[in-house]
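Chemist: Here's my sequence, what's the structure:
(4 chains)
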Number of protein chains: 2
Amino acid sequence: MTDKPARPRKRDGTLRDSLIKVGITLLREKGPDGLSLRECAARAGVSHAAPTYHFKNLKGLSTAIAARAFSLFAQSMETSIADAPDTPRARLTAICEGYLAFAKAHRELFLFMFSGLDLDGDDPEFETASTRAYTILSEVSEPFVGPGDDPEEIELLIWSLAHGYSHLAMINKKRPRSKGNDLPTLAKILRHLELKPSDT
Amino acid sequence: MTDKPARPRKRDGTLRDSLIKVGITLLREKGPDGLSLRECAARAGVSHAAPTYHFKNLKGLSTAIAARAFSLFAQSMETSIADAPDTPRARLTAICEGYLAFAKAHRELFLFMFSGLDLDGDDPEFETASTRAYTILSEVSEPFVGPGDDPEEIELLIWSLAHGYSHLAMINKKRPRSKGNDLPTLAKILRHLELKPSDT
DNA sequence: CTCGTTAACTTGACACTGTAAAGTTAGCAA
DNA sequence: TTGCTAACTTTACAGTGTCAAGTTAACGAG
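Modeler: Sure thing, here's the model as predicted:
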């Protein structure tokens, strides 16, 4: 998949992007250790060293993939918000659901971007994508910040809860859970939060 | 470090344990991708294939390390609880602090055990260690479960918050944060939880 | 139309990795 | 002493990241 010409690619300027896509599918297929410059190259139909021209490092490719992941991540939260009623509380649960939805839809990618392996934090694409995600969270939590409150406290509360729930859900593939025995939903858990305005 | 005899080791039955320890220091030194069967072997002073006798796989070694990590993790929460006043709320904040304390003290190990790379979930050591950790959480959150409540809902709320906060803290080594500008503390965030009994 | 330059690769090499198979050796029971 | 088995070692092979050097396509200048 994802090889458009089937003919030997000739400097059409799409290789970098193809490599990222191939890398993502590779990650999805073979897990966090399945990413490899050489196999990306092979699947993209180029020589084994071609990726190093575009990314220099495995770290470079990893960073590019993480950037793409953060972009999808932000996008997931944005569409969740767009579909929600325009009340603070509804928007709050919406981004949390968007957070979780992304994790479920792209488990390997989610684990990868939050795996703590060292990426090039100075990469501009990565920077803007992750900042975008954080900005969404910050805006949504803003109405819950009281007059004397530290905004970061509220942000971190919400972020921690959404992240913790999603991350734990992705890690525990175990635990049998026969039907009618599902994990408590994120929406239920969110109800325990004591937050300021219009809790509808 | 961690090589006791300096003489060539001769079937003294301690190799397996040494390899786990070396593996952990390797993880700490070189990050999540720094773990390698061959370097573990080299540092333990044995041939490169010796580890596969004890662990069979890299996955086997990884599982053994994760098991050790979960054991330390449970231990951290247990000592935190032991030092806390015997009220439900105090015990609650205690395990959360224990959770975070472990993450801070063993960042690489913490990220490793929650990295989502596939381990041998059927390994008995791993099973008991992780179950032990979960049991602690379950017991501490039990007093907050009301008569009609789902216990798992409360457990998951607390677990998510503690995990999310700790995990995010380990991942964001960035963000400048000059002094007086620290992240809100976990204790502050925990105050926003609306939970049943004696909130002292 | 040719020339030179440069971006976008390819080729080749090296050290390192996991893993499997076969060989060796230490210690112990009979 | 013999024989058996646990705990290794040796050898081998395919796959990996990374570097250095070679090649080729495209394109603007002359």
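Chemist: hang on, A:Leu161 in a strand?
Modeler: No: secondary structure of A:Leu161 (DSSP: H, G, I helix; E, B strand; the rest coil): helix, not part of a strand.
Chemist: Nearest the geometric middle of chain A, what residue?
Modeler: A:Phe73 (3.9 Å; C-alpha atoms, centre = their mean).
Chemist: Count residues in the vicinity of A:Asp182, would you?
Modeler: Neighbour count of A:Asp182, defined by other C-beta atoms under 10 Å in any protein chain shown: 9. All C-beta atoms are positioned from the backbone trio N, CA, C, and that covers glycine.
Chemist: wait, the residue nearest to the centre of chain A sits on A:Ala133?
Modeler: Yes: the pair A:Phe73 / A:Ala133 is scored as a contact, 5.5 Å apart, by C-beta atoms under 8 Å.
Chemist: re the thing from before, wait, what's in contact with the residue nearest to the centre of chain A?
Modeler: Applying C-beta atoms under 8 Å, 6 or more residues apart in numbering or on different chains, we find A:Phe73 in contact with A:Tyr99, A:Phe102, A:Phe110, A:Met113, A:Ala129, A:Ala133.
Chemist: what's the closest non-adjacent residue to the last one?
Modeler: Just to be clear, that refers to A:Ala133. A:Ala74 (4.2 Å; C-beta to C-beta, 6 or more residues apart in numbering or on different chains).
Chemist: Wait, that neighbour touches A:Ala129, no?
Modeler: Yes: look at A:Ala74 against A:Ala129 with C-beta under 8 Å: they come within range, at 6.6 Å.
Chemist: Could you check how far the residue nearest to the centre of chain A is from A:Ala129?
Modeler: With distances taken as C-beta to C-beta, to the nearest Å, A:Phe73 is found 8 Å from A:Ala129.
Chemist: can you give me the helices in chain A?
Modeler: Taking DSSP state H as the test, the helices found in chain A are A:15-30, A:37-44, A:50-55, A:58-82, A:88-105, A:107-113, A:124-141, A:151-171, A:186-190.
Chemist: Of all these, which one comes closest to B:Ser80?
Modeler: Checking the helices of chain A against B:Ser80 by C-beta to C-beta gives helix A:151-171 as the closest, at 18.2 Å.
Chemist: Would you mind listing the buried residues in that closest one?
Modeler: Applying a neighbour-count criterion of 16 or more other C-beta atoms under 10 Å in any protein chain shown, one finds A:152-171 buried in helix A:151-171.
Chemist: Centre of the chain to the lowest-mean-pLDDT helix or strand in chain A, how far?
Modeler: Least confident element among the helices and strands of chain A, by mean pLDDT, DSSP states H and E: helix A:186-190 (a mean of 93). Distance, stretch centre to chain centre, for helix A:186-190: 20 Å (C-alpha atoms, centre = their mean, to the nearest Å).
Chemist: what about that helix and chain B, any contact?
Modeler: Yes: part of helix A:186-190 sits near chain B under the criterion C-beta under 8 Å from any C-beta of the partner chain, namely A:Lys188, A:Ile189.
Chemist: which strands and helices sit next to that helix?
Modeler: Packed against helix A:186-190 by the contact rule (3 or more C-beta pairs under 8 Å, 6 or more residues apart in numbering or on different chains; DSSP states H and E) you find helix A:88-105, helix A:151-171, helix B:151-171.
Chemist: buried stuff in it?
Modeler: Applying 16+ other C-beta under 10 Å to helix A:186-190 flags A:Leu186, A:Ile189, A:Leu190 as buried.
Chemist: In CSV, list the C-alpha atoms belonging to that helix.
Modeler: Output of helix A:186-190 as CSV, limited to C-alpha atoms (Å, rounded to 0.1, in the frame of the first residue of the first chain):
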residue,chain,number,x,y,z
LEU,A,186,-14.4,8.1,30.9
ALA,A,187,-17.6,10.1,31.0
LYS,A,188,-18.6,8.5,34.3
ILE,A,189,-15.2,9.2,35.8
LEU,A,190,-15.3,12.8,34.7
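Chemist: Please list the outside residues in contact with that helix.
Modeler: The contact list for helix A:186-190, computed with C-beta under 8 Å, 6+ apart, reads A:92-93, A:96-97, A:100, A:161-162, A:165-166, B:153, B:156-157, B:160.
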